[in-house]
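In: Give me coordinates for this.
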Amino acid sequence: MGCVRTAVMDQERIAELAGFSRVGVVGLGLIGGSIGLDLRALGVSVQGLVHRASTAERALERGLVDAVSCDPACLEGCDLVVLALPLEALLQPQETLLKALPPEAVVTDVGSVKGAVLDVWRDRHPRFVASHPMAGTAESGVESGCSGLFRGRPWVGTPEVDTDAKALDRVRALACSLGAHWISADPLIHDQAVALISHLPVMVSAALLRVLGEERDPRVRDLARQLASSGFADTTRVGGGNPALGTAMASRNTTALLKALAAYRWSLEQLEEAILNGHWAQLEQELEKTRALRPSFLEPPSDAAMRQD
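Out: Alright, predicted model coming up:
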């Protein structure tokens, strides 16, 4: 079933076509909690699995799930299980979780690196489908889940030759039911693309924050802090995020990230050389190119892109 624009396809109908009756969500942070909220709004029963009793209690209070437990056995009877775990936990799954996954259920993840995830999971469950919703905020934890997080955002599936076709359809239907548009990609191509648009910006943003934080003249540093406004906030948001997540991105997508960093370093050197030599016309020309480039990466996807299989 191809994904089409959700403005003209009823989301509840998509959920019905997928046949969801009970969905398990493992991890109720930003992504897992948001999935739970949206599925419940569509009338789908959501079973949560978390590590801490305090998280379970708060998840129920916030309405993220219909039921929640710290015991993996709660996943029994789920026809779809979403592994909304931190990347490192996803790549080192607990044996109790593996044993509790129903063999007939469709299992998917939300990790930002797909090659490493598939290396771990392709032989762990017969109906595993690697996927990655490209949505988020700066928030994390059980308080961060919000309705509509995935609406209009890409959700990438990275099937392999042996991926269960029916399981893939179920995960695609999940993405569409939450308002996302589905994109299918090769796992390694996905990791290279994500290194450029997600993992590299984290490192660049972190480097910028370090430059300011390590400014030796306290007068300059203090004034810069007072003058920083929305432009600075936008540029540095991802560099001020979860350190464990940034480290996981780098350690699990190292080759692609290093390639992206090398390309960025070369580009920065070209700009530096133009400034050093006073080549202002060249600098302006380069900035004109980047101004023209930016909209192409921020425009909503075309209808054709939204129907990719």
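In: Which of the three states applies to the spatially closest residue to Leu98 that is not a sequence neighbour?
Out: Nearest non-adjacent residue to Leu98, counting by Cβ to Cβ, 6 or more residues apart in numbering: Arg124, 6.1 Å away. Using the backbone N, CA and C atoms, a C-beta is placed for each residue, glycine as well. Following DSSP: H, G, I helix; E, B strand; the rest coil, the label given to Arg124 is coil.
In: and Arg124, how many neighbours?
Out: 12 (other Cβ atoms under 10 Å).
In: Now it: phi and psi?
Out: According to degrees, to the nearest 10, the main-chain angles of Arg124 amount to phi -90, psi -30.
In: And it, how close does it get to Pro103?
Out: 11 Å (Cβ to Cβ, to the nearest Å).
In: Could you do Glu299 as well?
Out: Distance, Glu299 to Pro103, by Cβ to Cβ: 42 Å.
In: Give the buried residues for the biggest helix by length in the chain.
Out: The longest helix of the chain (DSSP state H) is helix 254-276. For helix 254-276, the neighbour count (16 or more other Cβ atoms under 10 Å) marks 256-257, 260-261, 264, 274 as buried.
In: from these, which two are the most distant?
Out: With Cβ to Cβ as the measure, no two of the buried residues of helix 254-276 lie farther apart than Ala256 and Ala274, at 28.0 Å.
In: Any idea how many residues pack against Gly152?
Out: 15.
In: hang on, isn't it packed against Cys176?
Out: No. If you go by Cβ atoms under 8 Å, Gly152 and Cys176 don't touch, sitting 11.8 Å apart.
In: Tell me how far Ala22 lies from Gly240.
Out: To be clear, residue 22 is Arg; Ala isn't right here. Arg22 sits 38 Å away from Gly240, going by Cβ to Cβ.
In: quick one, which of those two is more surrounded?
Out: Arg22 (18 against 14).
In: Would you list the phi and psi of the more buried one?
Out: According to degrees, to the nearest 10, Arg22 has phi -150, psi 120.
In: What about Ser198, how many residues nearby?
Out: So Ser198, with other Cβ under 10 Å, has 19 neighbours.
In: Which pLDDT value does the model give the nearest residue to it once chain neighbours are set aside?
Out: In space, not counting the residues next to it along the chain, Ser198 is nearest to Ser112; the distance is 6.4 Å by Cβ to Cβ, 6+ apart. Looking at Ser112, its pLDDT reads 94.
In: So Ser112 belongs to a helix, correct?
Out: No. With three-state DSSP as the criterion, Ser112 is assigned coil and is not in a helix.
In: Contacts only, for it.
Out: 87, 132, 194, 198-199, 249, 253 (Cβ atoms under 8 Å, 6 or more residues apart in numbering).
In: State the distance from the closest residue to Gln270 other than its chain neighbours to Leu178.
Out: Distances taken as Cβ to Cβ, 6+ apart put Glu286 closest to Gln270, at 7.2 Å, once the chain neighbours are dropped. Glu286 is 39 Å from Leu178, where distance means Cβ to Cβ.
In: next one: Ser251
Out: 29 Å.
In: These two - which one has more neighbours?
Out: Leu178 (27 against 14).
In: Point out where this protein drops to low pLDDT.
Out: Residues of the chain that meet the criterion pLDDT under 70 lie in 1-18, 300-309.
In: Pop the domain breakdown of it in here.
Out: 6-185, 190-276 (automatic domain parsing).
In: Kindly reformat these as TSV containing distance to Gln282.
Out: As requested, these are exported to TSV (distance: least, Cβ to Cβ, whole Å):
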stretch	distance to Gln282
domain 6-185	34
domain 190-276	5
